[in-house]
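Visitor: Have a look at this prediction, sequence included:
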Amino acid sequence: MTVLRTGIVEISRASRHPGVKGACDVSEPNDAWTAGGGADLWNGDTLRDGRGESRMRHLVGVFLTGAMIAAIAGCADDSGGGSGGDTGSNAGAEGLNGCTAASAEDHTLDTMVTIEGQGTAYTPQCIRIKAGTTVTFESDFATHPLVGGVVKDKTKSEDESSPIQGTTAGSVASFTFPNAGGYGYYCDAHFAEGMYGAIFAE
């Protein structure tokens with residue numbers, strides 16, 4: 001186990017917190033250090049001159065400070081990086097079900113928007129709205145079951161947390177989008193034929 005003693009904390013790169021990738025143990029100063037004033041780095045016979053010892057202590061202190069910063073940075077690198085972006089139907093402004101926020105039909109001034117199922121397509125397929133807007137789907141849901149989720153490479157993935165709830169009966173269904181984000185939807189029977197779209201709330 002590699003241990004770095006800095007006079008402030010002791011950091012172990014080999015000892016990691018269970019279940020946390022790249023986590024490093026940080027503990028209180030080592031007893032030998034605090035009692036001996038750094039005796040594990042040099043002993044009292046090494047330097048007798050007060051000024052030389054002071055300079056040496058200064059240089060060693062600078063070195064150890066830099067090493068401590070490097071060790072902590074290394075621990076952060078081992079942790080696997082930051083969190084990634086949203087996935088699933090709440091994918092934000094990135095491409096979603098053949099739509100992007102930039103190319104979506106602008107309905108940000110409307111408080112209610114209607115999407116119609118026509119044949120095996122939705123019209124409009126991609127829309128941009130303000131958070132809090134209600135979107136109404138008009139379709140034969142027995143023939144074209146509506147699902148909130150993502151279609152990628154002709155593979156569907158339902159998002160159970162989507163405001164768009166699965167609808168298999170009737171012809172009208174309305175959903176409100178209280179939060180900003182990207183929300184995909186598709187026809188459960190014809191998604192492979194391109195019957196899907198997305199709503200971007202901002």
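Guide: Arrived safely.

Visitor: hang on, residue 108 packs against residue 127?
Guide: No: counting by CB atoms under 8 Å, residue 108 does not reach residue 127; the two are 9.3 Å apart. Any C-beta I mention is one placed from the backbone N, CA and C, and that applies to glycine too.

Visitor: Comparing those two, which shows the higher neighbour count?
Guide: residue 127 (24 against 15; other CB atoms under 10 Å).

Visitor: Next secondary structure after the host helix or strand of that one?
Guide: Using DSSP states H and E, the element containing residue 127 is strand 126-129. Per DSSP H and E, strand 126-129 leads on to strand 133-138 as the next helix or strand towards the C-terminus.

Visitor: helices or strands next to that next one in the packing?
Guide: Contacts defined by 3 or more CB pairs under 8 Å, 6 or more residues apart in numbering; DSSP states H and E place strand 133-138 against strand 112-118, strand 172-177.

Visitor: As JSON lines, the ones you listed with distance to residue 103 would be great.
Guide: What follows is the helices and strands packed on strand 133-138, written out as JSON lines (distance: least, CB to CB, whole Å):
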{"stretch": "strand 112-118", "distance to residue 103": "16"}
{"stretch": "strand 172-177", "distance to residue 103": "19"}
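
Visitor: The closest residue to residue 134 other than its chain neighbours: neighbouring residues, count only.
Guide: Leaving aside its sequence neighbours, residue 134 sits nearest to residue 176 (CB to CB, 6 or more residues apart in numbering; 4.6 Å). For residue 176, the neighbour count with other CB under 10 Å is 12.

Visitor: doesn't residue 131 make contact with residue 176?
Guide: No: using CB under 8 Å, residue 176 makes no contact with residue 131, being 9.4 Å away.

Visitor: Now do the helices in the protein.
Guide: Assigned by DSSP state H, the helices in the chain fall at 31-36, 50-78.

Visitor: weakest of these by average pLDDT?
Guide: Lowest mean pLDDT within the helices of the chain: helix 31-36, a mean of 44.

Visitor: related to what we said a few turns ago, make TSV from the helices and strands packed on strand 133-138 and add distance to residue 201 and mean pLDDT to it.
Guide: Listed next are these as TSV, based on distance: least, CB to CB, whole Å; pLDDT from 0 to 100:
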stretch	distance to residue 201	mean pLDDT
strand 112-118	11	96
strand 172-177	4	98
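
Visitor: Minimum distance to residue 153: which of these has it?
Guide: Among the helices and strands packed on strand 133-138, strand 112-118 comes nearest to residue 153, with 22.7 Å by CB to CB.

Visitor: Show me what counts as buried in the closest one.
Guide: Across strand 112-118, burial judged by 16 or more other CB atoms under 10 Å covers 113, 114, 115, 117.

Visitor: helices or strands next to it in the packing?
Guide: Packed next to strand 112-118, using 3+ CB pairs under 8 Å, 6+ apart, are strand 121-123, strand 126-129, strand 133-138.

Visitor: Could you say which of those strands is packed most deeply?
Guide: Of those, the one with the most neighbours on average (mean count of other CB atoms under 10 Å) is strand 126-129, at a mean of 24.
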